[in-house]
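Q: need coordinates for the following:
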Amino acid sequence: MIVDTDVLIDYFRGLELAKSKLASLVPFRISAITLMELLQGARNKNMMRIIERQLKVWNVSVIQTTEATSIRAVQFVREFALSSSVQAADALIAATAIEEGETLLTGNEKHFRCIPGLSIEVFKH
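A: Next up, the predicted model:
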C-alpha cells in the first residue's frame, strides 16, 4: 500500500481515523513526492523532525522516482491536466503506485479517478 500525502497530513493534524488506519498498515510505503510535500508543508524545523521521526517509527519505505515513473507521469499530465486538472505531484504519485503495482490510499479520490490502471482505496475522514 502506498499512502498519499493527505492521509499523512490528517495523521499529523491528530485525526483519529488517520491514526488508526495508518497503524493498521505499518509498514507502508510513500513516494518521494509525498515526502517532499510533507516536509514542504512543515511550519518549522521541529515539525520536520517530528515527520521524519514518525516515518522511521513506522518503518516507511520511500519510493524514489524512476525514469519510467517520470515518463508515465508526463503522459498523465499531457492527457488529463486540461480535462481533469491533474497536477504534477499527483501524476507522479499515481505513476509511482502503478509502476510499483500498489494500491494508493488517498482521501482525494477526485485527484486520481481519471488515471487509468490506478488502484485506489479511498480514505474517508
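
Q: check which helices and strands the worst-scoring helix or strand of the chain on mean pLDDT is in contact with.
A: Considering only helices and strands, the least confidently modelled element of the chain by mean pLDDT, DSSP states H and E is helix 109-112, at a mean of 93. Counting contacts by 3 or more CB pairs under 8 Å, 6 or more residues apart in numbering; DSSP states H and E, helix 109-112 packs against helix 88-100, strand 120-122. Placement of C-beta: from N, CA and C, glycine included.

Q: how about a cut-off of 10 Å?
A: Here helix 109-112 touches helix 67-84, helix 88-100, strand 120-122, going by 3 or more CB pairs under 10 Å, 6 or more residues apart in numbering; DSSP states H and E.

Q: show me the contact partners of the shortest one.
A: Under the contact criterion CB atoms under 10 Å, 6 or more residues apart in numbering, strand 120-122 has outside partners 1-4, 7, 21, 25, 94, 97, 103-109, 111-113.

Q: only the buried subset of those, as a ChimeraX command please.
A: For selection in ChimeraX, the members of these meeting the burial criterion (16 or more other CB atoms under 10 Å) are listed in this command:
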select :1,2,3,4,7,21,25,94,97,104,105,106,107,108,111,112
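
Q: any chance of the helices and strands packed on helix 109-112 in JSON lines with mean pLDDT and distance to residue 44 as columns?
A: Listed next are those as JSON lines, based on pLDDT from 0 to 100; distance: least, CB to CB, whole Å:
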{"stretch": "helix 67-84", "mean pLDDT": "97", "distance to residue 44": "30"}
{"stretch": "helix 88-100", "mean pLDDT": "98", "distance to residue 44": "22"}
{"stretch": "strand 120-122", "mean pLDDT": "97", "distance to residue 44": "32"}
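
Q: deepest in the core, which of the ones you listed is it.
A: Of all the helices and strands packed on helix 109-112, helix 88-100 carries the top mean neighbour count, a mean of 23, counting by mean count of other CB atoms under 10 Å.
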